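1. Okay, predicted coordinates and the sequence, questions at the end:
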Number of protein chains: 2
Amino acid sequence: MMRIEHHVCFGGAQEVWQHHSDVLGCDMRIGVYLPPQAKDGPCPVLYWLSGLTCTEQNFITKAGAQRYAAEHGIILVTPDTSPRGDDVADAEGYDIGKGAGFYVNATEAPWSAHYRMYDYVVDELPALIEASFPANDARAISGHSMGGHGALVIALRNPTRYRSVSAFSPIVAPSQVPWGEKAFTTYLGADRDAWALYDATALVSSELNERLPLLIEQGRDDEFLANQLKPELLQLAAEAQGQPITLNLRPGYDHSYYFIASFIGEHIVYHARAMKA
Amino acid sequence: MMRIEHHVCFGGAQEVWQHHSDVLGCDMRIGVYLPPQAKDGPCPVLYWLSGLTCTEQNFITKAGAQRYAAEHGIILVTPDTSPRGDDVADAEGYDIGKGAGFYVNATEAPWSAHYRMYDYVVDELPALIEASFPANDARAISGHSMGGHGALVIALRNPTRYRSVSAFSPIVAPSQVPWGEKAFTTYLGADRDAWALYDATALVSSELNERLPLLIEQGRDDEFLANQLKPELLQLAAEAQGQPITLNLRPGYDHSYYFIASFIGEHIVYHARAMKA
């Protein structure tokens, strides 16, 4: 682990670390915000998964979340959105390859060599964080767009590993929208049965032993709402299964970080309550 | 005036507008945050001047100021840092030319053709804002680094046009540090007498009819503190003249937006009080 950025921020520190990921087979960067409370003992951790084209930088520079994390004593961990480096496969366009890992374990060549973001986020990253920082084992997960999809899928499949989950503008049914169909065909192949493990709406429709409540924040004027996000698909599936869900539709708000910034404080309060309960 | 961005944010709207500037002789972009209170009537305006390399985007995406502006009913106006366009002179390096207007009216060729950021910020911009948005005539001004220099100089020279002034990590004595010596030689020529009108420390040392209190926020671990910023020069000059000044030196903080984000809320409260008094 090598620290490559350190900025005092709201009495704590926003840092960026680089480490070699065995799961991904490449070097990865992680944003880590340590609140002032971390000087006095272990704190709970909120993992944030970013959307298409993002790196570890977008959330830490644009969301304004450090203020709330400092207030509530929460560590914020923001991984990159794909494996990186010259050895890693890439493609033209913003929605496949680097910056577009979709939080899956790819099974198709050439992607399967490095694109294992699901295992990275679920296993390797928390182990690394809990071994390297004053973090306790209370975890929450959230994210935006492609990262909202990642957060929902990871929490639905690992409900005992997280105390709470939320998502901003998530791709809730990737198997049914263009972004997801393209990514899953590329990374997982044509067999749609393999896709269901990475589709929040499909997971909610299946028999789950444990169901974490889902909190979803969605702008009504989001330019991707009707074609790529379709939160009503998840809501209908949840209601059919008795899956607790809160879908906040916010008039006027779009897909940008201005939307995330406006509501991240409420989500951090939500996760802080769950992690400190 | 053409609106090129509109994002609902904290119940108000972060917008970006483009207009032709007669003073600068080019098209310019401006960030305008309209708080929710602007729907009900005119609001006071805080002008923010950014630092070297910045555009109108840096402050609006990174400072997290909209939350506080929404709370206190303040319009935030963030101009670009230089004239722009293919016709505008430029230079190699980040500290002269585009993105580095230094808030002066250049007198040296080729810069004098467009580089008149002082007149733009003092006269043309407020007239445009007050004619185009629900803004009343209560104005405050702040900025960062080169923009902190601009805010101090503009407020010291126009104390009746602003209710309050503050600065983050400002270049307080440009005539005495490398950034300022290079910029002033380039834009204003070798005669140092012409520089004094754009040097906050020199202005404070002169006979001023009216003195707005100066509020300065400075990180103690700022990488430019000892060579380019030197706030103690302004503090000594102010104390010699009875100029009210508050210099907050913050241990650990650096020159980045993580520092600005940590204290912009306190500055917005300060300006809101002055503008609503």
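-> Yes, it's here. Numbering: from 1, shown residues only, chains lettered A, B, ... in the order given.
2. Please count neighbours and contacts with C-alpha atoms only from this point.
-> Noted.
3. If you count neighbours, what's buried in the helix or strand containing A:Glu232?
-> Here A:Glu232, judged by DSSP states H and E, is contained in helix A:231-241. Across helix A:231-241, burial judged by 16 or more other Cα atoms under 10 Å in any protein chain shown covers A:231, A:234-235, A:237-238.
4. got the contact list for the residue nearest to A:Gly150 when sequence neighbours are not counted?
-> Nearest residue to A:Gly150, sequence neighbours excluded (Cα to Cα, 6 or more residues apart in numbering or on different chains): A:Tyr103, at 5.4 Å. Residues near A:Tyr103 by Cα atoms under 8 Å, 6 or more residues apart in numbering or on different chains: A:81-82, A:116-118, A:121, A:147, A:150.
5. how about the residues of chain A that lie near chain B?
-> A:7-10, A:14, A:61-64, A:67, A:252-254, A:256, A:258-259, A:261-263 (Cα under 8 Å from any Cα of the partner chain).
6. Mind checking which of those residues land in strands?
-> Under the assignment DSSP state E, these contribute A:7-9, A:14 to strands.
7. Looking at those residues, which one is closest to A:Ile245?
-> Of all those, A:Ile245 sits closest to A:Gln14, with 31.9 Å by Cα to Cα.
8. Quick one: the strands in chain A, in order.
-> Using DSSP E, strands in chain A cover A:2-9, A:12-21, A:26-34, A:43-49, A:75-79, A:135-143, A:164-168, A:214-219, A:245-250.
9. Out of the ones you listed, which is the most enclosed?
-> Scoring these by mean neighbour count under mean count of other Cα atoms under 10 Å in any protein chain shown gives strand A:164-168 as the most buried, with a mean of 28.
10. Buried residues in the longest helix along chain A, which are they?
-> In chain A, with assignment by DSSP state H, the single longest helix is helix A:257-276. Buried positions in helix A:257-276, judged by neighbour count with 16+ other Cα under 10 Å: A:257-265, A:267-272, A:274-275.
11. And stretch A:65-85, by the same measure?
-> Using 16+ other Cα under 10 Å as the test for burial, stretch A:65-85 gives A:65-84.
12. repeat for stretch A:150-167
-> By neighbour count on 16+ other Cα under 10 Å, the buried set for stretch A:150-167 is A:150-157, A:159, A:161-167.
13. which of these lies closest to chain B?
-> A:Ala167 (17.8 Å; Cα to the nearest Cα).
14. I figured that closest one was touching A:Gly148, is that so?
-> Yes - contact criterion Cα atoms under 8 Å: A:Ala167 and A:Gly148 qualify, at 4.5 Å.
15. Could you name every residue contacting both of these two?
-> A:Ser142.
16. And the furthest pair within the buried residues of stretch A:150-167?
-> It's A:Arg161 and A:Ala167 that sit farthest apart of the buried residues of stretch A:150-167, by Cα to Cα, at 16.9 Å.
17. circling back: between the strands of chain A, which gets nearest to B:Ala138?
-> strand A:2-9 (30.7 Å).
18. Touching that closest one from outside, list them.
-> A:13-19, A:66, B:252-254, B:256, B:258-259, B:261-262.
19. With stretch A:190-207 instead?
-> For stretch A:190-207, the surrounding residues in contact (Cα under 8 Å, 6+ apart) are A:104, A:149, A:152-153, A:156-157, A:172-175, A:184-185, A:188, A:233-234, A:237-238, A:240-241, A:243.
20. same question, stretch A:174-182
-> With Cα under 8 Å, 6+ apart as the criterion, stretch A:174-182 contacts A:95-96, A:149, A:171, A:173, A:184, A:192, A:195-196, A:198-199, A:227-229.
21. how does it look with 10 Å?
-> Contact with stretch A:174-182 is made by A:52, A:95-96, A:102, A:146, A:149, A:171-173, A:183-190, A:192-193, A:195-196, A:198-202, A:226-230, A:233, as judged by Cα atoms under 10 Å, 6 or more residues apart in numbering or on different chains.
22. Now do the buried residues in it.
-> Result for stretch A:174-182 [16+ other Cα under 10 Å]: buried residues A:174-177, A:179-182.
23. How about stretch A:114-128?
-> Neighbour counts over stretch A:114-128 (16+ other Cα under 10 Å) mark A:114-122, A:124-126 as buried.
24. Could you give the separation between the terminal residues of that stretch?
-> For stretch A:114-128, the separation between the terminal residues is 18 Å (Cα to Cα, to the nearest Å).
25. roughly how far out does that stretch sit from the chain middle?
-> Offset of stretch A:114-128 from its chain centre (Cα atoms, centre = their mean, to the nearest Å): 12 Å.
26. Give me the mean pLDDT for that stretch.
-> On average, the pLDDT along stretch A:114-128 is 98.
27. Can you list the low-confidence ranges for the stretch 151-277 of chain A?
-> Counting by pLDDT under 70, the stretch 151-277 of chain A contains no low-confidence segment.
28. can you tell me which two in the contacts of A:Tyr103 are farthest apart?
-> Distance extremes for the contacts of A:Tyr103: the farthest pair is A:Arg116 and A:Gly147 at 14.5 Å, using Cα to Cα.
29. mean confidence for stretch A:72-91?
-> Stretch A:72-91 comes out at a mean pLDDT of 97.
30. With just CA atoms, put that stretch into CSV.
-> C-alpha atoms of stretch A:72-91 as CSV (Å, rounded to 0.1, in the frame of the first residue of the first chain):
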residue,chain,number,x,y,z
HIS,A,72,-20.9,11.1,11.8
GLY,A,73,-17.5,9.4,12.2
ILE,A,74,-17.7,7.3,9.0
ILE,A,75,-14.7,6.2,6.8
LEU,A,76,-15.5,6.6,3.1
VAL,A,77,-13.8,4.1,0.7
THR,A,78,-14.1,4.8,-3.0
PRO,A,79,-12.5,2.2,-5.3
ASP,A,80,-11.8,2.7,-9.0
THR,A,81,-14.5,1.4,-11.5
SER,A,82,-12.4,-1.2,-13.4
PRO,A,83,-8.9,-2.8,-13.5
ARG,A,84,-6.3,-0.4,-14.9
GLY,A,85,-2.9,-0.6,-16.7
ASP,A,86,-1.4,-1.3,-20.1
ASP,A,87,-2.0,-5.1,-19.7
VAL,A,88,-5.7,-4.7,-19.2
ALA,A,89,-8.1,-5.1,-22.1
ASP,A,90,-10.0,-2.1,-23.2
ALA,A,91,-12.5,-1.1,-25.9
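31. Among the buried residues of stretch A:114-128, which ones are in helices?
-> A:117-119, A:125-126.
32. Format the residues you listed as a markdown table; extra columns: distance to B:Arg211.
-> Putting these into a markdown table (distance: Cα to Cα, whole Å) gives the following:
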| residue | distance to B:Arg211 |
| --- | --- |
| A:Met117 | 58 |
| A:Tyr118 | 60 |
| A:Asp119 | 61 |
| A:Leu125 | 55 |
| A:Pro126 | 55 |
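33. From the centre of chain A, give me the residue that's furthest out.
-> A:Asp40 (27.5 Å; Cα atoms, centre = their mean).
34. That one against A:Ala135, yeah?
-> No - with contact defined as Cα atoms under 10 Å, A:Asp40 does not count as touching A:Ala135 (11.2 Å).
35. hmm, back to that, tell me what the helix holding A:Glu232 is packed against?
-> Contacts defined by 3 or more Cα pairs under 10 Å, 6 or more residues apart in numbering or on different chains; DSSP states H and E place helix A:231-241 against helix A:200-205, strand A:214-219, strand A:245-250.
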